[in-house]
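Whatever this is, show me its structure:
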Amino acid sequence: MSLQSEWYRGTPRALRDRLEALSQAVAEKPSSAVAEHNLAAALGDAGRWREALQHIRTAQAKGGNAPETALVLARALVETGELEGAERAYTKALALRPSYHDAHVELSQLIWMKTGDSQRALRSLDVALAAHPEDNRLQLAKIKVLENTGQEAIALALALDLCAAQPNDLAFATAAAQLALGGGDADLGLRLARRAFAVAPHSPVAATTYATNCLALGLADEALSAIESVRASEPTNQFAIALQATAWRLLGDPRYRALFDYERFVKSYRLAAPSGWPSLEAYLTDLRLALAAKHALRAHPFNQSIKHGTQATSILDASSPALRAVPEALQAPIQAYLDSLGPDQDPLCARKTGEYAIEGIWSIRMRAGGFHIDHVHPKGWISSACYVSVPETGVGKEGWLRLGQPGTGSNPICPAEFYVEPAPGRLVLFPSYMWHGTEVFSGDGERMTFAFDIVPD
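Below is the predicted model of the structure:
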């Protein structure tokens, strides 16, 4: 089996079926720009952006001129490293639809990651808001851009103004609550979160925002009450599981330790050298160089755990032999981890089907001062950290992976409970609901990693 087909096999089955159906639609409707667009978008969902780029250009050649087509083109160009072309494609999408929320957010993010210039990142969005001040989605886009470019206080002020003008708007209330909590005003965050939960008690976003703010103030019983509906309606929501577990930890409930059983659920493996490399060390050398070539941006992306570093996505969709060999290097450790899971009914083991798919794979590069905030992966099942190169800090646990410290805060503070020392070639696998982050490191050197989520297939 070729590496291309092996990677394709790792795509979730529902997406594989969708790709086959859309490919058939292109064959049956050779003049259809819509069919080409739909196939390109699905290929992008599968991380196959080079193929997506071919099909979206074909869609344009067949007359596709919708703003959605320009947006897919922009995304494909970002993922294939054609950043100037991507900026032009986003601009075209906005020319066709000046209030296009997704295009505004993604253009702002691209400019931020290219330049680190927060004011330039906001420029096109501010022009659109001047023309459409009543557009709530554009206002939310500005809040997101402000929050992710180091302007959290301004984002909170804007969110509070919008809450005052539209007190029953769920999106503004939850955004303001999260920003207030992040800014250290837990009491204000709780008031806003309670308002949002009262407006929409069945909304998972309102419930998790409310529970998060409760935990920050030590109201564990109240948090549990809020999160019950989410756990019932979305049993695989990893963020909801993490919040429930944190409440149990605060209450001394033994069910917490059953979920955060580090000895049982956190496993480290050493990669094996894929075919074509004489040793793992030789493979890691080639892999580091291939990943470094994918890191063309300067700043971290929006709404991600990384701070003061860069992220590269779609790393398998490349011509580099080292990148395309990643699935082969991962296959044995992933299977060993799955084999270690018993037949239990906990949220990790109960989802085991015997098959798996890789749901997203990305690379992170950090230098001194970089770190990951504590977080979980809401849509995952099993998450990972794989170390390609690590700096030699020699200072305590600098740069180590830590697990168990809630990223939402808690009262009393719940410190990290488990650490893993990074080492080149080490792969760490753990449940996606498990809080994880990294310790800041100092000194010289670079920390190059990649990570992925696994879902049952």
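
For G64, give me its contacts.
Counting by CB atoms under 8 Å, 6 or more residues apart in numbering, G64 touches A33, V34, E36, H37, I56. C-betas here are computed from N, CA, C, even on glycine.

Can you tell me which of the residues you listed has the most neighbours?
I56 (30 neighbours; other CB atoms under 10 Å).

quick one: buried residues of the helix or strand hosting L243?
Assessed by DSSP states H and E, L243 sits inside helix 238-251. Residues of helix 238-251 classed as buried: 238-250 (neighbour count, 16 or more other CB atoms under 10 Å).

Just read off the phi/psi values of the closest residue to F450 other than its chain neighbours.
Distance criterion CB to CB, 6 or more residues apart in numbering; nearest residue to F450, sequence neighbours excluded, is S363 at 4.3 Å. Per-residue torsions, S363: phi -120, psi 150 (degrees, to the nearest 10).

Can you tell me how far S363 is from L348?
Per CB to CB, to the nearest Å, S363 is found 25 Å from L348.

Among these two, which residue is more densely surrounded?
Neighbours were counted for S363 and for L348 using other CB under 10 Å; S363 has more, 26 against 23.

quick one: contacts for the more buried one?
Here S363 is in contact with L291, K294, H295, Q311, A312, T313, I315, M448, T449, F450, A451 (CB under 8 Å, 6+ apart).

residue boundaries of the helices in the stretch 351-457 of the chain?
Along the stretch 351-457 of the chain, no stretch is classed among the helices by DSSP state H, counting those that start in this stretch.

where exactly do the strands run in it?
Assigned by DSSP state E, counting those that start in this stretch, the stretch 351-457 of the chain shows strands spanning 356-372, 382-389, 401-403, 418-420, 426-431, 436-438, 447-456.

Strand partners (parallel or antiparallel) of the third one?
This means strand 401-403. Strand 401-403 has these partner strands in its sheet, going by DSSP bridges: strand 418-420 (antiparallel), strand 436-438 (antiparallel).

most packed of those strands?
Greatest average neighbour count among these goes to strand 436-438 (a mean of 25), per mean count of other CB atoms under 10 Å.

ok, and what's touching that one?
Strand 436-438 is contacted by residues 305, 371-376, 383, 385, 399-403, 405, 407, 416, 430 when judged by CB under 8 Å, 6+ apart.

about what we covered before: Throw the buried residues of helix 238-251 into JSON lines and include distance to S124, thanks.
Output for these, formatted as JSON lines (distance: CB to CB, whole Å):
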{"residue": "Q238", "distance to S124": "34"}
{"residue": "F239", "distance to S124": "31"}
{"residue": "A240", "distance to S124": "35"}
{"residue": "I241", "distance to S124": "38"}
{"residue": "A242", "distance to S124": "36"}
{"residue": "L243", "distance to S124": "36"}
{"residue": "Q244", "distance to S124": "41"}
{"residue": "A245", "distance to S124": "41"}
{"residue": "T246", "distance to S124": "39"}
{"residue": "A247", "distance to S124": "42"}
{"residue": "W248", "distance to S124": "46"}
{"residue": "R249", "distance to S124": "44"}
{"residue": "L250", "distance to S124": "44"}
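
So which of those residues is the closest to E87?
Nearest to E87 among the buried residues of helix 238-251: F239, at 32.6 Å, using CB to CB.

So A131 sits against P98, correct?
Yes. Between A131 and P98 there is a contact under CB atoms under 8 Å: 6.5 Å.

And the two? Which one has more around it.
More neighbours surround P98 than the other of A131 and P98, with 17 against 10 (other CB under 10 Å).

quick one: Y283 and P321 touch, right?
No. Y283 lies out of contact with P321 (CB under 8 Å); the separation is 9.9 Å.

So between those two, which is more surrounded?
Ranked by neighbour count (other CB under 10 Å), Y283 and P321 place Y283 first, with 23 against 15.
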